[in-house]
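Trainee: for reference, the sequence and a predicted model appear below.
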Amino acid sequence: MAETKYIFVTGGVVSSLGKGIISSSIGKLLQARGYRITIQKFDPYINIDPGTLNPYEHGECYVTVDGMETDLDLGHYERFTGIQTTKANSLTTGRIYKSVIDKERRGDYLGKTIQVVPHITNEIKRNIKLLGEKQQYDFVITEIGGTIGDIESMPFLEAIRQMKWEMGKNAVCVHLTYVPYLKAAGELKTKPTQHSVKELQSVGIQPDVLVLRTEKHLGEGILKKVASFCNVDYDCVVQSEDLPSIYEVPVNMQKQGLDTALLRKLGVEIGETPTLGPWKRFLERRNNATEEVVIGLVGKYDLQDAYKSIRESLSQAGTYNDRKTILKFINSEGITKENVEEKLQGVDGIVVCPGFGQRGIEGKIVAAHYTRTHDIPTFGICLGMQMMVIEFARNVLGYADANSREMDEKTTHNVIDIMEEQKNITNMGGTMRLGAYECVLRQGSRTLDIYKNEHIQERHRHRYEFNNDYIKEYERHGMQCVGTNPESNLIEIVEIPTLKWYIGTQFHPEYQSTVLNPPPLFIDFIKAAINNKKRNE
């Protein structure tokens, strides 16, 4: 394909319809046809990135290999397609405006009056085209966050309108809307979709394809009505029904010909429909898994999206172990020495979740102590690993005040400390150790046995580190420091080899998880949890 084609994904009626899943599914289907694709997300909020946002408001913050803190939808893009995203795949209104203001301060605009049109819209267009021009992708899929009608989305919509006008057949718009079911009337209603499309048309964009989110199957009559009222070809109206798993969406979209409709609209030869063999085998395995493995998530954010990548990694690892992963959230704020046994009852393994700040950490320490002393498979991620380290210092090394400098500035046993280069940082956003770093695994370690590779690369998002002054003491008492960054000598992995499975990682292995390449640590952790369940039965 000579020229890059651009697919814009917008949403209407309400938010949280699953634009990220539809964008990922489109990417997966085009990729299965042999095309080079990438997916980017434009978020209309003014934050530079979601790194400083509360997980309760925005869900997890996903980190790319090059250290960009991004929206959790980029996790979906990577899990579905196996592509590696970078900072070019994630943009916010804040970054767009900052870029334009920086240029204005440098005098790049030669004294011109800076306006939303053309300066902001040109910057948006430049960033949309950048990926296609630099990497020569066949398709660039751009998801616009928010909902049609939001004031903050207007510059993005204007940029899309211009690009569609400039590029003709090389750009299409997929609009995702909601068809509600009124129980009292026993009817599905298309009016919200009609209004949403009118809103889009009022800014000069005619959607080429409509994806209708629905809880009930839509009959042919409704699809035809939507097509004629919204000025869209009948074969370009598809429905996205609620399915047992998000991983079934690409197959459902393919069945309805979403990819063929897009190719036709973009003037690309359609060719044979791909079989999606490995993907369907994964789904088959997932659907056939009836036996359960129960994993406790010990964290403080009682919100599904706050630990999205961890949840998906555990779920995928369950599938590859032919088990259905049941996740039980256990709020660490409510865990005490008195109730920990009751709180962790019935779990086959626990994940001590990542996070920031003081709230809920004592509960994580109590949980880590209980699972260590009762030999329950335990996986600590980032702050979770640090809590395992602190617990060990308090209860095995005998340092009652052991802590992290993040939680207690005055602790005399700072087993977790801040890096020298982090000490004078005043800005919170984008200043942590972020992105992929190398890690060398120790010969003979449990972790090397899992990875089967001495040199690994994993992604980070943290400011505080294991204090190397304590390495010898930890190792003498049975907690081994088995993964090290070769440049900084920072400790990346701790494990207690005498236990069934007790491993903490300073990095976030969940960020590397994809449907067809699940991360080894999660696979092995679930295997250990299954064996633990069998022993207890």
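Mentor: Looks like it came in fine.
Trainee: in the protein, which helix is the longest?
Mentor: helix 520-536 (DSSP state H).
Trainee: name the surrounding residues that touch that helix.
Mentor: The contact list for helix 520-536, computed with CB atoms under 8 Å, 6 or more residues apart in numbering, reads 293-295, 313-314, 316-318, 320-321, 323, 325, 348-349, 351, 376-377, 379, 447, 450-452, 500-501, 503, 505, 509-510, 513. Yep, even glycine has a C-beta here, placed from its N, CA and C like the rest.
Trainee: please flag which of those sit within strands.
Mentor: Using DSSP state E, Val293, Val294, Ile295, Thr325, Gly349, Val351, Phe379, Ile503, Thr505 are the members of the contacts of helix 520-536 that sit in strands.
Trainee: and the furthest pair within these?
Mentor: Greatest spatial distance in the ones in strands among the contacts of helix 520-536: Val294 and Thr505, 21.8 Å, computed using CB to CB.
Trainee: which one of the two has more residues nearby?
Mentor: Using other CB atoms under 10 Å as the criterion, Val294 and Thr505 rank with Thr505 on top: 24 against 17.
Trainee: so the more buried one sits against Glu458, correct?
Mentor: Yes: using CB atoms under 8 Å, Thr505 is in contact with Glu458, at 7.2 Å.
Trainee: any common contacting residues for the two?
Mentor: Glu492.
Trainee: all helices of the stretch 201-350 of the chain, in order?
Mentor: Using DSSP state H, counting those that start in this stretch, the helices of the stretch 201-350 of the chain run over 220-230, 249-255, 258-265, 277-288, 308-320, 340-343.
Trainee: can you read off the pLDDT for the residue lying closest to Lys125 once chain neighbours are set aside?
Mentor: Setting aside the residues directly before and after it, Lys125 is nearest to Ala159 in space (CB to CB, 6 or more residues apart in numbering), at 5.0 Å. According to the prediction, Ala159 has pLDDT 96.
Trainee: hang on, Ala159 packs against Val117?
Mentor: No: taking contacts as CB under 8 Å, Ala159 lies outside contact range of Val117: 9.1 Å.
Trainee: from Gln162, how far off is the residue located most distally from the centre of the chain?
Mentor: Within the chain, Gly111 marks the point farthest from the mean C-alpha position, 41.4 Å out by CA atoms, centre = their mean. Distance of Gly111 to Gln162, given as CB to CB, to the nearest Å: 24 Å.
Trainee: what of Val268?
Mentor: 22 Å.
Trainee: please apply the same query to Gln512.
Mentor: Computed as CB to CB, the Gln512 to Gln162 distance reads 37 Å.
Trainee: just want to know which of those two has more residues nearby.
Mentor: A count of neighbours by other CB under 10 Å puts Gln512 above the other of Gln512 and Gln162, at 24 against 18.
Trainee: residues in contact with the more buried one?
Mentor: Glu458, Arg459, Pro519.
Trainee: redo that, cut-off 10 Å
Mentor: Listed by CB atoms under 10 Å, 6 or more residues apart in numbering, the contact set of Gln512 reads 65, 78-79, 84, 309, 313, 436, 456-459, 518-522.
Trainee: could you do Gln194 as well?
Mentor: Per CB under 10 Å, 6+ apart, neighbours of Gln194: Thr177, Lys225, Val226, Phe229, Cys230.
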